[in-house]
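Participant: pasting the structure only:
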């Protein structure tokens with residue numbers, strides 16, 4: 001069984017975190033079943049956000065009776081201090097808790113700091129002084145913002161996309177967090193579903209003893225897989241190394257990570273999937289993405305009005321309209 005300590009926070013948990021974004025897509029009782037099974041299976045770190053619709057409420061419903069035995073991390077997208085307090089108080093109420101272990105700024109376009117005029121970091125400090133939160137964190141998809149946060153000395157944890165598809169710069173971020181004793185939480189450890197071999201994903205991240213991966217869980221089968229790794233963690237071997245080499249060759253370069261910050265789309269295009277359909281359709285049974293529902297969704301790409309909302313909001317700087325067009329043209333060759 002592997003454990004990880006999140007830097008100077010002193011928080012030590014099993015090296016399997018529960019990413020609670022996907023449970024907003026299932027019913028309350030089904031979500032409660034998964035959350036409780038995760039807890040009883042040995043997972044004690046649960047990551048959610050105010051932005052994840054009813055995810056916090058489902059966690060509060062399912063796990064309030066074991067609150068003192070788990071670690072709760074949530075996030076705020078507030079850009080003003082007054083909104084910060086509204087979102088924090090809502091999160092506390094939904095989670096049925098008097099405090100949040102790690103409260104994180106949720107993918108801001110800048111690194112909040114004292115005296116920057118927003119009052120956000122000052123609000124974090126006040127919330128910590130009042131005992132409403134225990135540790136201050138930040139999440140981001142922009143390497144520049146994440147690295148600035150790491151160098152600032154202001155954050156106890158940083159959450160960033162990290163998998164075996166990580167760039168050299170992203171690996172440097174993880175190592176910098178180790179050097180500065182900042183807890184490093186790895187989201188998108190399966191790269192938004194493009195990585196299909198969870199054993200390879202786990203074995204790669206196991207090489208970073210300070211990194212805590214959080215796995216987005218929506219189905220019991222997925223959860224069972226990660227629970228099994230608690231007692232029998234995959235270790236790197238020639239077979240898994242071959243999987244990683246193949247995926248790096250196939251998935252290297254610019255590709256949509258499926259983060260969803262491009263949404264909503266005024267043309268109702270399912271951008272996070274449509275912009276990477278060429279990869280998805282080759283990494284799953286073709287029939288999954290060739291039914292009438294997906295054909296109709298992909299055809300919506302033709303309705304793009306080129307407003308560039310998706311392009312302007314992509315934290316990876318992708319030319320999203322062009323990606324959509326390329327994926328649509330490729331998709332038609334399968335029809």
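Facilitator: Nice, thanks for sending it over. Since the model is a prediction, treat every value here as computed from it, not as a measurement.
Participant: Number of residues surrounding residue 223?
Facilitator: For residue 223, the number of neighbouring residues by other C-beta atoms under 10 Å comes to 21. For glycine as for every other residue, the C-beta is placed from the backbone atoms N, C-alpha and C.
Participant: correction: residue 27
Facilitator: When neighbours are counted by other C-beta under 10 Å, residue 27 registers 10.
Participant: now residue 82
Facilitator: Counted by other C-beta under 10 Å, the residues lying close to residue 82 total 10.
Participant: Quickly note the distance from it to residue 44.
Facilitator: Using C-beta to C-beta, to the nearest Å, we find residue 82 at a distance of 33 Å from residue 44.
Participant: same thing with residue 314?
Facilitator: Computed as C-beta to C-beta, the residue 314 to residue 44 distance reads 34 Å.
Participant: can you check residue 14 too?
Facilitator: Between residue 14 and residue 44 the computed distance is 6 Å (C-beta to C-beta).
Participant: ditto for residue 304
Facilitator: Spatial separation of residue 304 from residue 44 under the definition C-beta to C-beta is 44 Å.
Participant: Quickly note the distance from residue 7 to residue 178.
Facilitator: Distance check for residue 7 against residue 178: by C-beta to C-beta, it reads 8 Å.
Participant: go on, residue 322?
Facilitator: Here residue 322 is placed at a distance of 37 Å from residue 178 (C-beta to C-beta).
Participant: Among those two, which residue is more densely surrounded?
Facilitator: A direct count of neighbours by other C-beta under 10 Å for residue 322 and residue 178 places residue 178 higher, at 16 against 11.
Participant: list the buried ones in the helix or strand encompassing that one?
Facilitator: In this assignment (DSSP states H and E), residue 178 forms part of helix 168-179. Residues of helix 168-179 classed as buried under the neighbour-count rule (16 or more other C-beta atoms under 10 Å) are 170, 173-174, 176-178.
Participant: ok, which stretches of the stretch 151-300 of the chain are strands?
Facilitator: Listed in chain order, the strands of the stretch 151-300 of the chain (DSSP state E, counting those that start in this stretch) span residues 157-161, 183-187, 211-216.
Participant: Put together JSON lines for those strands, with distance to residue 72, mean pLDDT and mean neighbour count on each row.
Facilitator: As requested, the strands of the stretch 151-300 of the chain are exported to JSON lines (distance: least, C-beta to C-beta, whole Å; pLDDT from 0 to 100; neighbours: other C-beta atoms under 10 Å):
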{"stretch": "strand 157-161", "distance to residue 72": "13", "mean pLDDT": "97", "mean neighbour count": "26"}
{"stretch": "strand 183-187", "distance to residue 72": "13", "mean pLDDT": "98", "mean neighbour count": "25"}
{"stretch": "strand 211-216", "distance to residue 72": "12", "mean pLDDT": "96", "mean neighbour count": "23"}
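Participant: Fine by me, we can end here.
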